[in-house]
Structures are given as C-alpha cells and as structure tokens.
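Chemist: I would like the atomic coordinates for the input below:
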Amino acid sequence: MNIERSDKTSHVISDRCMRCYGEQQWYGKNFLLSYLGEKSLNGKKILEIGCAEAGLLKFFTSEGATCYGVELSDIRFRNAILLNKDSPIKVLQANICKPESYENKIDIKFDFIVIRDVIEHISDRESALENIFDLLKPEGKVFMSYPPKYCAYAGHQQTIPTLLGKLPYLHLLPDFLYIQYLRLIKCPEKKIQYLLDTKKTRISINEMRKNVISIGYKIIKESNWLIRPAYSYRFGLPKIKNPFRWVPIFEEVFCNGILFLLQRPNK
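Modeler: Numbers count the residues shown, from 1 in each chain. Model (predicted):
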C-alpha cells in the first residue's frame, strides 16, 4: 500500500519500502533484542546508522529506548519522517563519515549503535567505524551485520531486474566480464554502476575483524549464517548457522550474513 503526504512536499512510499519497514520492526522484535543480550531497553540510548524507514527504531522506542537515526538517502529519510511523524524518534539526514553533518544535532553518547547491512556500501569504512566508536559510551555496544566479500550475493546482484542477473557469485567475475555480461542481459547502466560500486566496497570477515580491533573495539559476539535471520521474514525460511564457519575459506563463501556485536572498552 502506497502512503502519500498531501502537502507541498508530497511524497509516496513504495510497496518495497513498506515491506522494509515491516521487516525492520520484525527483526528487532524477533531477533535483535535477544541477540543484544538485554532484558530491558528502558532508558537506553540507541542510534541506528542507515536507519532507512526507522522501523527498527520504532520497535526499540516501544521498548522504552531513546532513539536516534541517521540516514543519507533522500528517499529513505523522507520515508522515515513520514512513517514516524508522531514518534519521539529523532531522524537526521547525515553522513557517518562526516561528523560535521551530525555533531551539532547529537549531544549524547549511546548505549547501542546499530549498523545493519550498511557497512558494505561505505568506501571510507575506517572513518565510519572510528566515528561510531566516538559516539559510544564506555562499554557501549555496536551491532553490525553485512554480507561478506565472497558470499553468493555480496555484490547485491539480487537487485538486478532480470532472472539471469540474479546468479550467485556473479560479482566475482573480473570487472570487464561482469560489465559485458550485465550489458548482454540488458541491465540498466545506472544499475551497473551501482553494482560496480558495491563490488568495490565489499569487505571480508577477516578484514573486518582486523579493522575493528585496530580501532579499539572488542569483539564480544560473532555469528556466521548460511540462512540469515532476516530470511525468516522475507522467505519464511528457518535460521541456519553456516556449518562450514570453522574452515577459513568456507566461512566466507558459504556465509550469507555475518553478525558482530562489538564493545567500546571502559578505559
């Protein structure tokens, strides 16, 4: 169902974004709250980076948390404002890599920061992770998830309109072959550029471990999924851990979602 605000800034929310909004709320209630290991969020301060429609924050707010969201996309930011106009959630349009875009709007430190399926799109990843670290309270935690570099759909080719574009591991082709194939199946040029940009910003599990440790985070939980939790909502599939997660190469290739719970040490 499309939703439209009837004023000078009329804005329509697509069916796809409404499904995302529903998934965000479901994910918080049915998985993430338990994964964080907290019995209660009452009084906690939570920030989500790349909050999109802010459905996850809507759930956390209902649990008593004070919630902030940062979103860069014009469309997703407007969606969040419209869908949460009667909520105390504070949604900012800002770039986590550029503190000047948000530092005069955020004057608190956070107990939890969520960056879900966003980090793989950020080219200046080190700056993003350092800035997130600075926004945490001592002993504050970060939940981070993403599809690792060598997994079946790390290139986000599932977003290609045609069935021939949705082949697993397609993004592992050399760039010149990848581009030729995408043009052969008549993938739009704008989509091709998005896919190439995504290919360049991918990161492996091992690389991420090194990055977060070098910044100062402590890894307190890590889980590697063959069928990740969100697929229960999207496709009705059961959650299944990667049975090959103990094998260095296979932990990357057969992982469709890596989850980290990080902590800023109290020092």
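
Chemist: Can you tell me how far residue 195 is from residue 245?
Modeler: Remark: distance between residue 195 and residue 245 (CB to CB, to the nearest Å) = 27 Å. All C-beta atoms are positioned from the backbone trio N, CA, C, and that covers glycine.

Chemist: cool, and residue 214?
Modeler: Residue 214 is 23 Å from residue 245, by CB to CB.

Chemist: Show the contacting residues for the residue nearest to residue 38 when sequence neighbours are not counted.
Modeler: Using CB to CB, 6 or more residues apart in numbering and skipping residues adjacent in sequence, the residue nearest residue 38 is residue 44, 7.3 Å away. When contacts are counted by CB atoms under 8 Å, 6 or more residues apart in numbering, residue 44 touches 38, 60, 64, 65, 66, 111, 112.

Chemist: Mind checking which of the residues you listed are buried?
Modeler: Buried residues within the contacts of residue 44, counting neighbours by 16 or more other CB atoms under 10 Å: 60, 65, 66, 111, 112.

Chemist: Out of the residues you listed, which is nearest to residue 51?
Modeler: residue 60 (10.6 Å; CB to CB).

Chemist: where in the stretch 51-200 of the chain is pLDDT low?
Modeler: Nowhere does the stretch 51-200 of the chain drop to pLDDT under 70.

Chemist: ok, back up a step: between residue 195 and residue 245, which one's more packed in?
Modeler: residue 195 (22 against 19; other CB atoms under 10 Å).

Chemist: What is the neighbour count of residue 37?
Modeler: Neighbourhood size, residue 37 [other CB under 10 Å]: 10.

Chemist: what does residue 74 give?
Modeler: Residues near residue 74, counting by other CB under 10 Å: 10.

Chemist: Any figure for the gap between it and residue 235?
Modeler: From residue 74 to residue 235 the distance is 29 Å (CB to CB).

Chemist: and if you look at residue 140?
Modeler: 33 Å.

Chemist: repeat for residue 197
Modeler: 26 Å.

Chemist: One more: residue 173?
Modeler: Residue 173 is 26 Å from residue 235, where distance means CB to CB.

Chemist: Look at the two and report which has more neighbours.
Modeler: More crowded of residue 173 and residue 235, by other CB under 10 Å: residue 173, with 16 against 8.
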